[in-house]
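Visitor: Quick one, fold the following:
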Amino acid sequence: MPRDKTGAGVAGRFSVELSPDMLANIHGRLSCLDRIAFASVFRKSRDAFKPEAPWLVLPGDTLESATVLSLADRCVPAERSPSPAMRGHGLIGSSRGWLVTADERGRMSLANPVTGEQRALPAITTIPCIEEWTGPSLFIFDLKPFVRGPPYARGEPYPHEKYMLRFDQMRNDLYRKVVLSDGGHGAAMLITGWLFGVAAFTTMEDATWRLAPSRDGVEDAIHHDGRFYSVTYSGAVEVWEHDAYGGVFTSATVTPGPANAGWTHPGLCRRYLVAAPGGRFMVVLKTDRYNRSRRTSSFKVHVLDGAQWKETDDIGDTALFVGANESLCMSTMVHPELKAGCVYFTEDHLGQASLWKDAPSYGDDGQRGLGVFCLKDGTMEKVEGQGWHRSWPPPAWFTPSIP
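Guide: Next comes the predicted model:
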């Protein structure tokens, strides 16, 4: 079907005019793939359609395939060969209908699974302190710009002046998450590896990565209300401003972290920043515990109430989504298929996930780092409708959208 046709134009060919309410009623009765196709045709009425709940992108039977699970329909709508920008790549971000991927040579790309569109992000070597050494397939770093904040400021051993990574280690050890400002056409924020916590930015006009250190190190970030926000290792929330003339991004503290939060080691705890309905900030703290070869995760939520952080196990009629995606807060009144008061999570540390690549492809090894955590009673459940899957690449949440 032509993607550029409006609802009125399509209806006009059949001498029928459908109101936005009627179109919304039809849209709500369709299956997940049909809803996407319907919205792409009736583009001018998209605001009347119920937004999609996040889908789950899972690895398929082979590196050349991928499975997409719709939480709304509790079914798997598609299993197909992904685009070259997804084939066997690690997922390092999901924002506004786009997946951000990294291949075995450390090259980053954007892929839109709905439209099939893809494009390359700037090479990491556009950062002056990173160079490619093609002989043994290595990237060499000048570490000085990367070690200004935690964990090195907290007594961790200071690394050597130079740091080397193989091409295939980039997506595991240096790339943590990429957040986009809009539909893949504006700015992008890269959060570097779990030991560094330094941000880098690129814009469509610039086409290079520019480091933008944070005093306390960056753990997670979102794009909200036209600006990038991040949460630091100390739990503080920062806002980032872009100097259009100099091309640099600088941060300012919006609010300090909770008084009792303290600094946490990134290998054991993770913070995620979420914008709740109405614009209030939430910080989700994920704690991992290891018992032999098993790992369990638990979550706590702090809500910014005025100028004070309050820990809560009651997030009302909402559900939180954290992981490689831009962290989300979804209304369970709009999406009754979701579980209220729960955190839906996926593994987002590729270095940890890569340890499972050579493990058995199915069974418990394929289920790690993915689940639904109930804040009220601390119980963990599997994602409903999820079957067995390979453990590599790690799964990710993805919210489809039509450009």
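
Visitor: Identify each of the helices in the chain and give its residue range.
Guide: Secondary structure of the chain, counting by DSSP state H: helices at 7-13, 20-28, 32-41, 350-353.

Visitor: show me what contacts the nearest residue to Ser297 once chain neighbours are set aside?
Guide: In space, and not counting its chain neighbours, Ser297 is closest to Asp288: 5.4 Å by Cβ to Cβ, 6 or more residues apart in numbering. (Each C-beta comes from the backbone N, C-alpha and C, glycine too.) Under the criterion of Cβ atoms under 8 Å, 6 or more residues apart in numbering, the contact list for Asp288 reads 268-270, 295-297.

Visitor: Go ahead and confirm Leu268 touches Thr287.
Guide: Yes. Contact status for Leu268 versus Thr287: in contact at 6.7 Å, counting by Cβ atoms under 8 Å.

Visitor: ok, back up a step: can you redo the contacts of Asp288 as a markdown table with pLDDT?
Guide: Conversion of the contacts of Asp288 to a markdown table gives the following (pLDDT from 0 to 100):
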| residue | pLDDT |
| --- | --- |
| Leu268 | 71 |
| Cys269 | 81 |
| Arg270 | 87 |
| Arg295 | 68 |
| Thr296 | 77 |
| Ser297 | 82 |
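
Visitor: export these to CSV and tack on neighbour count?
Guide: Formatted as CSV, those follow (neighbours: other Cβ atoms under 10 Å):
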residue, neighbour count
Leu268, 11
Cys269, 17
Arg270, 23
Arg295, 13
Thr296, 11
Ser297, 18
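
Visitor: Of those, which is the nearest to Asn112?
Guide: Distance from Asn112 was checked for each of those by Cβ to Cβ. The minimum falls on Arg270, at 27.1 Å.

Visitor: Tell me how far the spatially closest residue to Lys286 that is not a sequence neighbour lies from Thr192.
Guide: With sequence-adjacent residues excluded and distances taken as Cβ to Cβ, 6+ apart, Lys286 is closest to Arg270, at 4.5 Å. Counting by Cβ to Cβ, to the nearest Å, the gap from Arg270 to Thr192 is 15 Å.

Visitor: again with Thr134
Guide: 22 Å.

Visitor: ok, the most centrally placed residue in the chain - contacts?
Guide: Centroid-nearest residue in the chain: Asn325, 1.4 Å away (criterion: Cα atoms, centre = their mean). Contact partners of Asn325, counting by Cβ under 8 Å, 6+ apart, are 54, 93-95, 346, 396-399.

Visitor: do the same with Ile127
Guide: The neighbourhood of Ile127, defined by Cβ under 8 Å, 6+ apart, consists of 200, 208-211.

Visitor: quick one, phi psi at it?
Guide: When read as degrees, to the nearest 10, the backbone of Ile127 gives phi -80, psi 120.

Visitor: gap between it and Ala212?
Guide: Counting by Cβ to Cβ, the separation of Ile127 from Ala212 is 11 Å.

Visitor: Need the residues touching each of these two.
Guide: Ala200.

Visitor: Determine the number of other residues adjacent to Glu381.
Guide: 12 (other Cβ atoms under 10 Å).

Visitor: just Asn112 next, same as before
Guide: Around Asn112 there are 22 residues (other Cβ under 10 Å).

Visitor: Let me see the mean pLDDT of stretch 107-118.
Guide: In this model, stretch 107-118 carries a mean pLDDT of 85.

Visitor: Same check on stretch 370-385?
Guide: Stretch 370-385 carries an average pLDDT of 90.

Visitor: Likewise for stretch 177-194?
Guide: Per-residue confidence for stretch 177-194 averages out to 84 on the pLDDT scale.

Visitor: How about stretch 338-345?
Guide: The pLDDT scores in stretch 338-345 average 95.

Visitor: What is the end-to-end distance of it?
Guide: The first residue of stretch 338-345 is 13 Å away from its last residue (Cα to Cα, to the nearest Å).
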